[in-house]
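[1] give me the fold of what follows.
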Amino acid sequence: MSLQGTFSTSVQAMNTHAHKLSNISQNIANINTTGYKLQGSHFSTLLSSTTPLSQEYLSVKATDFREVDKQGNIAPTNRGFDVAINGRGFFVTNTNVDGAGGWQYTRDGSFFGQAVQLASDADGDGKNDVGTLLTTANGSYVYGWAADKNGVISEKNTLNSLTPLVFNNNSIIPSQATSNITLQANVAVNGDRRQNVGLPYIDLAGVKRTLTVGFTKGLNSEWALDMTVLDANNQPVPVTFDPPKISFGGIGQLVSPTNGQFSVTINEGSVPQTITLNLFRMTQLANGSSLELQNLDQDGFLSGRLQDAYFTKKGVLVGSYSNGQIRDLYKLPVARFDAENNLETRSGNIFLQSATSGDLELTSIRKGTGRTEMVVGALEQSNVDLSDQFARMIITQRAYSSSATVLRTADEMSQAAAALKR
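    Below you'll find the model as predicted:
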């Protein structure tokens, strides 16, 4: 190699190591950036020139890569709108709220609520409702699959099936009339008088009422039933039920009816209300002298207002209502690519699909499927190892200094050769 080749090789080497130092600097600068993925450099030989004598001068060049598929540590934040992906995949965002902008993908699950005016009036107060629109830290809009009015979510592998995550702060969940009541209780076998229990239920108008069920002991462990409901004027409402009695076996277990179910019809108003009363967990034991209530369940509920919204570990945004009901609102999709390390990097912790990243697949977190999970109240930290970056920085500094020394030596040799002419 001639001195000219040495000049070229040394300068190229200095530029390459300076480029690597730039990547190291970038990694260290983003050590605390949520979801940041390390950028490194691979070195390979570079043919700089060839002499007439077929001598090849090989220098060095850098090829960058990004470790997008390497998991970062999960750090708790205790924020309800912070979600970390543990495993492969990305959250889906868009630059426009109507989805007409560019689709973006991110590992940064720090979402923020933005107040927006809605065109609805769910609570009937004569004012437009106020909603909460979820955005990322860089202002992009978070997208997911929306639930229907019954809380059912349809997952489709298309971007146009996604909608921005916005929920109505004034949302009202309507009341649900009771259709099933399950009573677990014990009637005292030694009790001579009528024993009764009040069963709360929700009527067809969404009002909380009470169905009083009485048990009167007969012969051979049989008990006759009576049922009463009072109206707003404290007057009895006609109640029909079938069968009219229950009976127990020798160890106190219910034997008739065999399924323990009673069909109860409350004849109030123009439309009667039918309730299935389940007594299959009733017992007849010598405990005290009156009925002992052990457990009571019914499937009706009053209307309720949205009180809170939060994510679950399956990526479902659920609404919690004042009546104790929980309803699914949205579900976050997980975007996957065949070669996620080839995604294009942009400012704001986002990635874009590239020609070499492969096709997009939208999937979700399901119980027992895959290795990806979502951690609520936490964020993924950068996957940069600070000690490793410092070690690489020292090696890069030495390589750069050595290349500079070679360049300086070649310059001195060139000056010595030039002095021979004088």
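
[2] summarise which helices and strands the strand or helix carrying residue 197 is packed against.
    In this structure, residue 197 is located in strand 195-202 according to DSSP states H and E. The contact analysis (3 or more C-beta pairs under 8 Å, 6 or more residues apart in numbering; DSSP states H and E) places strand 195-202 against strand 180-188, strand 208-217, strand 292-298. In this view, the C-beta of every residue, glycine as well, is placed from N, C-alpha and C.

[3] can you tell me the strand partners of the last one and which way each runs?
    Neighbouring strands of strand 292-298 in its sheet, by DSSP bridges, are strand 180-188 (antiparallel).

[4] tell me the angle the partner strand makes with strand 208-217.
    Here the directions of strand 180-188 and strand 208-217 differ by 40 degrees (axes from the mean of the first three to the mean of the last three C-alpha atoms, to 10 degrees).

[5] neighbours around the nearest residue to residue 18 once chain neighbours are set aside, how many?
    Excluding the flanking residues, the one nearest residue 18 by C-beta to C-beta, 6 or more residues apart in numbering is residue 400, at 6.5 Å. Per other C-beta atoms under 10 Å, the neighbour tally for residue 400 reads 18.

[6] go ahead and confirm residue 400 touches residue 17.
    Yes: between residue 400 and residue 17 there is a contact under C-beta atoms under 8 Å: 4.2 Å.

[7] JSON lines for the helices and strands packed on strand 195-202, including mean neighbour count and mean pLDDT?
    Supplementary listing: the helices and strands packed on strand 195-202 in JSON lines, determined by neighbours: other C-beta atoms under 10 Å; pLDDT from 0 to 100:
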{"stretch": "strand 180-188", "mean neighbour count": "19", "mean pLDDT": "95"}
{"stretch": "strand 208-217", "mean neighbour count": "18", "mean pLDDT": "95"}
{"stretch": "strand 292-298", "mean neighbour count": "13", "mean pLDDT": "95"}
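
[8] now the ones you listed in JSON lines, with distance to residue 148?
    What follows is these, written out as JSON lines (distance: least, C-beta to C-beta, whole Å):
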{"stretch": "strand 180-188", "distance to residue 148": "23"}
{"stretch": "strand 208-217", "distance to residue 148": "28"}
{"stretch": "strand 292-298", "distance to residue 148": "25"}
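
[9] and the helices in the stretch 251-400 of the chain?
    386-419 (DSSP state H, counting those that start in this stretch).

[10] show me where it has its strands.
    Assigned by DSSP state E, counting those that start in this stretch, the strands in the stretch 251-400 of the chain fall at 254-256, 261-266, 273-278, 283-285, 292-298, 304-311, 316-321, 326-331, 334-337, 344-346, 350-352, 360-363, 373-376, 378-380.

[11] tell me which of those sits nearest to residue 98.
    strand 326-331 (16.5 Å; C-beta to C-beta).

[12] quick one: buried residues of that closest one?
    327, 328, 329, 330, 331 (16 or more other C-beta atoms under 10 Å).

[13] counting by contacts, list what it packs against.
    Using 3+ C-beta pairs under 8 Å, 6+ apart, strand 326-331 sits against strand 141-146, strand 316-321.

[14] so for it, mean pLDDT?
    In this model, strand 326-331 has a mean pLDDT of 96.

[15] quick one: work out the angle between the least confident helix or strand in the chain by mean pLDDT and helix 386-419.
    Least confident helix or strand of the chain, by mean pLDDT, DSSP states H and E, is strand 39-50 with a mean of 80. With the same axes, to 10 degrees defining the directions, strand 39-50 sits at 20 degrees from helix 386-419.

[16] buried stuff in the helix or strand just after strand 39-50?
    Using DSSP H and E, the next helix or strand after strand 39-50 towards the C-terminus is strand 56-66. Buried positions in strand 56-66, judged by neighbour count with 16+ other C-beta under 10 Å: 57, 59, 60, 61, 62, 66.

[17] follow-up on the earlier one: chain center to the least confident helix or strand of the chain, what's the gap?
    43 Å (C-alpha atoms, centre = their mean, to the nearest Å).

[18] next one: stretch 95-103
    21 Å.

[19] for that stretch, which positions count as buried?
    Here stretch 95-103 shows 97, 103 as buried, counting by 16+ other C-beta under 10 Å.

[20] likewise for stretch 21-34?
    So for stretch 21-34, counting by 16+ other C-beta under 10 Å, buried means 21, 23, 24, 27, 30, 34.

[21] next, give me the two most distant ones among the residues you listed.
    Top of the distance list for the buried residues of stretch 21-34 (C-beta to C-beta): 21 and 34, 24.6 Å.

[22] can you tell me how far residue 243 sits from residue 296?
    21 Å (C-beta to C-beta, to the nearest Å).

[23] who are the contact partners of the residue nearest to residue 18?
    By C-beta atoms under 8 Å, 6 or more residues apart in numbering, residue 400 lies in contact with 13, 14, 17, 18, 21.
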